[in-house]
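Undergrad: Fold the following.
(one chain, ligands or ions: 1)
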Amino acid sequence: MSAAVRSTCPYCGVGCGLLVTVENGAAQVRGDPEHPANHGALCSKGSALGETVGLDGRLLEPLVNGEAVGWDAALDAVARAFRSAIDQHGPDSVAFYISGQLLTEDYYVANKLMKGFIGSGNIDTNSRLCMSSAVAAHQRAFGEDLVPTSYEDLELADLVVLVGSNTAWCHPVLYQRILKAKAARPGMRVVVIDPRRTPTCDTADLHLPLRAGTDVLLFNGLLSYLARTGATDEAFVRAHTNGAARALLVADNTAGEVSAVARGCGLDVESLQTFYDWFAGTERVVTLFSQGVNQSSAGTDKANSIINAHLLSARIGKPGMGPFSITGQPNAMGGREVGGLANMLAAHLEFENADHRRLLQQFWQSPRMATRPGLKAVDLFEAMYEGKIKAVWIMSTNPVVSLPNADRARAALRRCECVVVSDVVAHTDTTALAHVLLPATAWGEKDGTVTNSDRHISRQRRFLPVPGETRPDWWSLCQVARRLGFAEGFNFATPAEIFDEHARLSALENNGTRAFDIGGLAGLGESGYARLAPIQWPVPTPESGGTPRLFMDGRFYHADGKARFVPTRPRPPTFALDEEFPLVLNTGRIRDQWHTMTRTGRAPRLNSHFVEPFVDMHAGDALSFGAREGTLVRVVTRWGRIVARLRTSGEVARGSLFLPIHWSGATSSEARVGAIVNPSVDPVSGEPEFKSTPARVEPFVVNWYGFVLTRGTAAVRDLSWWVRAELGSHRRYEIAGRSVPRRWSDWARALLGTDAAADWIEYEDVGAGTYRAACIRDERIESCVFVGPRPELPSRTWVGSLFEQPRLSPAERAGVLANRPPAASMDAGETVCACFRVGSRAIEAAIAQGCHDSSAIGQRLKAGTNCGSCVPELRRMVRDILNALRTDGRGQLT
Ligand code: SF4
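TA: Numbers count the residues shown, from 1 in each chain. Presented below is the predicted three-dimensional model:
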């Protein structure tokens with residue numbers, strides 16, 4: 001076994017530290033007890049990282065128009081296309097669309113090439129879709145894009161307000177830190193402000209299920225209430241801020257009465273009053289906000305309305321308090337540091353400032369500096385659609401799935417003369433449209449740094465050999481830069497050299513004028529860079545040791561050193577509901593998946609929590625739309641349509657829908673959520689309105705439902721609907737169809753493939769419309785298919801477990817088509833705890849046997865005892881089962 005390598009998780013913005021060991025090519029991943037973000041804890045996604053590093057499906061060689069050509073020819077092709085477009089149409093005819101998945105060093109080189117050498121601002125990142133509203137709000141309020149807090153502040157706070165954040169699922173380790181702090185100090189309160197009743201609400205002291213899009217109204221109400229009740233710090237406001245009076249006037253005029261605010265937000269007055277009183281009466285308050293705030297056409301104002309409340313009460317710059325934007329991606333903040341957004345320059349320098357542009361040009365010895373911001377993501381693809389962008393280079397992201405109005409983005413790429421995609425995965429919805437494909441090194445194969453949500457810069461370190469012809473993104477960027485004639489600026493040999501330039505730039509003529517200063521990390525050399533331990537910027541000197549908290553001296557980064565209140569007027573989402581589209585569609589993440597599943601989709605245990613896309617809807621709405629739980633429905637908007645399984649979990653309010661974002665054209669027939677999301681963006685930040693699209697639901701009528709489990713692939717392309725999940729020993733397809741085959745037997749053989757050496761066992765009940773078949777070879781199950789007229793089909797889990805066996809016993813073989821295990825206990829049920837692979841049936845049995853809380857279940861089955869992400873689900877199961885027992889009069893409640 002190799003010595004443990006310290007690295008960081010490549011998923012969410014918590015930025016957990018890892019210890020990775022490799023044995024016989026297999027990576028074992030543990031949480032790093034010394035990393036300040038997680039102190040050794042990991043969530044289900046981080047714990048399963050070792051399962052995602054195989055080479056199946058990897059892009060391992062450069063391709064031009066589908067032909068393997070070697071690096072030189074591929075790089076020549078990229079440089080030729082970019083040079084030709086620039087020469088004929090100018091620098092703004094080319095673009096980079098990059099990603100919060102990139103390492104800071106990749107990001108730095110991409111930004112330097114586009115803004116400093118090609119001379120265009122047209123480089124934007126998928127972080128635009130995630131937290132650009134928070135960035136814009138920070139700049140407006142603080143004078144720079146600054147997150148003032150540390151994770152530790154969440155533990156020190158007496159009131160933690162979680163706004164638009166399903167923290168339990170999307171930032172699970174941070175959520176567990178909050179829960180632990182709350183358990184240690186029961187007086188600490190947690191308030192969740194979210195239209196959905198998510199698992200995060202499970203342990204909250206108060207949940208405010210506000211009407212979608214009314215956050216500004218709610219926080220304006222808070223601002224006005226703080227002023228009315230004297231819960232302000234006038235000395236701080238006077239000495240360290242500007243603009244309070246105007247912001248307050250707007251707040252008073254728009255939200256001066258608690259009862260009116262409650263009505264506008266769709267809340268009961270008592271709950272809202274309780275929140276306002278708690279905020280007003282608690283010194284140590286952290287307001288953590290995420291995509292529910294940012295992904296809105298009013299996202300910047302929403303974030304500023306939160307910051308306003310913290311400024312008025314001076315709850316900022318001290319332990320246990322502050323507004324806290326948490327990012328979705330592992331290196332969203334690193335991208336911001338190097339100017340990865342189209343409207344930012346590197347090192348927090350500003351486009352609008354001619355001195356900053358000059359400084360950067362001199363530092364880079366740049367031949368052609370961009371003089372104005374480039375196009376933000378949605379506008380950039382629109383310009384491509386209109387033919388203004390002739391060549392684009394996409395890195396580490398899948399915009400055909402993730403952009404709003406994603407069919408338009410796909411059409412834009414089809415119209416673009418040269419599409420270059422650097423990726424680790426060969427087949428994605430976006431790589432399918434590439435003229436040039438460049439194979440990138442993946443997590444575990446590359447070296448660099450990332451910055452997490454609380455400004456900790458951490459190393460990602462290589463622990464696997466570099467496979468095939470893959471190369472780091474910074475390397476391919478440098479190679480193209482040289483071919484474009486910019487060799488001098490791009491002579492980097494290692495990521496340490498790039499980091500060094502980045503650190504030196506941050507300190508250039510800084511003198512405390514910009515908070516982003518990591519000059520203390522310049523000159524580390526290869527060995528210092530190799531040893532670099534997590535550190536929180538600013539790091540202005542080698543001795544500084546990092547900065548846990550900003551603004552402690554009351555100094556902000558506008559020219560006058562003061563913070564600014566921003567008056568925020570409530571405004572509704574861009575597109576109103578109407579008779580045709582009467583529901584608000586909200587989108588987001590689920591517990592065990594990441595983005596478009598190109599990595600988490602490879603980990604069997606992560607695929608077994610939700611194996612298929614669902615749309616969550618209120619049961620009352622489902623009834624009125626003629627849709628039944630478990631059936632397939634169409635979700636239709638003005639921009640497109642998708643198909644998903646209807647779920648009525650009780651988490652969404654009437655009039656709302658929730659859809660997870662993860663499925664793509666590669667994993668389903670019709671579930672790219674981006675295709676139905678409206679393209680409206682925030683006018684300041686350019687962040688799309690992913691949380692509010694008018695929609696309707698229609699039954700998706702099929703004549704049969706079914707599922708396939710197979711070691712191979714099933715020929716599902718012509719079916720009315722299908723979804724695929726990788727489960728390790730086998731693939732699972734959920735399928736449905738309209739046309740009924742004349743002979744199911746022939747259909748099954750065409751679907752699963754004929755195998756002359758295999759036995760087929762089949763069962764058909766013509767009257768009931770059910771058909772089942774299994775293909776068995778040498779007493780080993782190869783595939784099976786179950787079909788019936790209704791969505792209620794047998795459990796997939798026991799039959800699925802048979803794929804892990806080299807041979808079926810006679811009893812198992814006899815039980816396959818009846819889905820009857822030799823012992824009932826052999827069917828674990830659908831996975832609830834991904835860390836220990838504990839299924840629903842085992843948990844139900846434990847509850848029936850007296851485990852009536854999550855800790856008792858944990859003691860019996862270990863479920864919920866690692867990352868804790870499934871604890872809310874365990875609690876719900878206990879509640880539901882005990883309620884059912886109580887209703888039956890059979891329960892023994894403890
Ligand atoms: S919380 Fe989970 S996904 Fe996020 S960084 Fe930590 S281990 Fe990775």
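Undergrad: C-alpha from now on. contacts and neighbour counts both.
TA: Fine.
Undergrad: OK, now which residue of the stretch 551-700 of the chain is nearest to the ligand?
TA: Closest to the ligand within the stretch 551-700 of the chain is Trp594: 8.1 Å, counting by Cα to the nearest ligand atom.
Undergrad: Next, the contact list for that residue, please.
TA: 11, 600, 662 (Cα atoms under 8 Å, 6 or more residues apart in numbering).
Undergrad: restrict these to those near the ligand?
TA: Filtering the contacts of Trp594 for neighbours of the ligand using Cα under 6 Å from any ligand atom leaves Tyr11.
Undergrad: rewinding a little: got the phi and psi for the residue of the stretch 551-700 of the chain closest to the ligand?
TA: phi -130, psi 130 (degrees, to the nearest 10).
Undergrad: if we can go back for a sec, min pLDDT across the contacts of Trp594, which one?
TA: The member of these with the lowest pLDDT is Thr600, at 85.
Undergrad: ok, Asp500 to Gly601 distance?
TA: Asp500 sits 36 Å away from Gly601, going by Cα to Cα, to the nearest Å.
Undergrad: no wait, Cys418
TA: Relative to Gly601, Cys418 is positioned 29 Å away (Cα to Cα).
Undergrad: do the same with Trp169
TA: On the measure of Cα to Cα, Trp169 and Gly601 end up 17 Å apart.
Undergrad: got it, and Val436?
TA: 25 Å.
Undergrad: same question, Lys390
TA: Lys390 is 33 Å from Gly601, by Cα to Cα.
Undergrad: Ile498 too?
TA: 32 Å.
Undergrad: Settle it for me: which of these two has more neighbours?
TA: The neighbour comparison of Ile498 against Gly601 (other Cα atoms under 10 Å) goes to Gly601, with 26 against 21.
Undergrad: what about Val237, helix or strand, and which?
TA: helix 234-240 (DSSP states H and E).
Undergrad: Val192 too?
TA: With DSSP H and E as the criterion, Val192 is inside strand 189-193.
Undergrad: For the residue sitting furthest away from the middle of the chain, which three-state class applies?
TA: Farthest-out residue of the chain from its mean C-alpha position, per Cα atoms, centre = their mean: Gly767, at 46.3 Å. Under DSSP: H, G, I helix; E, B strand; the rest coil, Gly767 falls in the coil class.
Undergrad: Ramachandran coordinates for it?
TA: Per degrees, to the nearest 10, the backbone of Gly767 is at phi -60, psi -40.
Undergrad: what bits of the protein have low per-residue confidence?
TA: For the chain, the stretches with pLDDT under 70 are 1, 825, 887-894.
Undergrad: Kindly report the residues of it close to the ligand.
TA: Counting by Cα under 6 Å from any ligand atom, the chain sits next to the ligand at 9, 11-16, 42-43, 45-46, 171-173.
Undergrad: got these as a markdown table, with secondary structure and distance to Gly25 columns?
TA: Listed next are the residues of the chain next to the ligand as a markdown table, based on DSSP: H, G, I helix; E, B strand; the rest coil; distance: Cα to Cα, whole Å:
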| residue | secondary structure | distance to Gly25 |
| --- | --- | --- |
| Cys9 | coil | 19 |
| Tyr11 | coil | 22 |
| Cys12 | coil | 25 |
| Gly13 | coil | 28 |
| Val14 | coil | 27 |
| Gly15 | coil | 25 |
| Cys16 | coil | 23 |
| Leu42 | coil | 22 |
| Cys43 | coil | 23 |
| Lys45 | helix | 20 |
| Gly46 | helix | 18 |
| His171 | coil | 29 |
| Pro172 | helix | 29 |
| Val173 | helix | 28 |
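Undergrad: Now tabulate those residues in CSV and tack on neighbour count.
TA: Output for the residues of the chain next to the ligand, formatted as CSV (neighbours: other Cα atoms under 10 Å):
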residue, neighbour count
Cys9, 24
Tyr11, 24
Cys12, 26
Gly13, 25
Val14, 28
Gly15, 32
Cys16, 29
Leu42, 27
Cys43, 27
Lys45, 27
Gly46, 26
His171, 23
Pro172, 25
Val173, 28
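Undergrad: From these, pick the one nearest Arg211.
TA: Ranked by distance to Arg211 (Cα to Cα), those are led by His171 at 23.4 Å.
Undergrad: which ones are touching Gly299?
TA: Taking Cα under 8 Å, 6+ apart, we find Gly299 in contact with 133-134, 293, 682, 685, 687.
Undergrad: mind checking the end-to-end distance for stretch 666-685?
TA: 31 Å.
Undergrad: meant to ask about stretch 138-151
TA: Start-to-end, stretch 138-151 (Cα to Cα) is 18 Å.
Undergrad: again with stretch 112-126
TA: OK, stretch 112-126 end separation, Cα to Cα: 18 Å.
Undergrad: Over to stretch 115-132?
TA: 19 Å.
Undergrad: Quick one: distance of that stretch to the chain centre.
TA: A distance of 19 Å separates the centroid of the chain from that of stretch 115-132, by Cα atoms, centre = their mean, to the nearest Å.
Undergrad: If anything else comes up later, I'll come back, but that's it for now.
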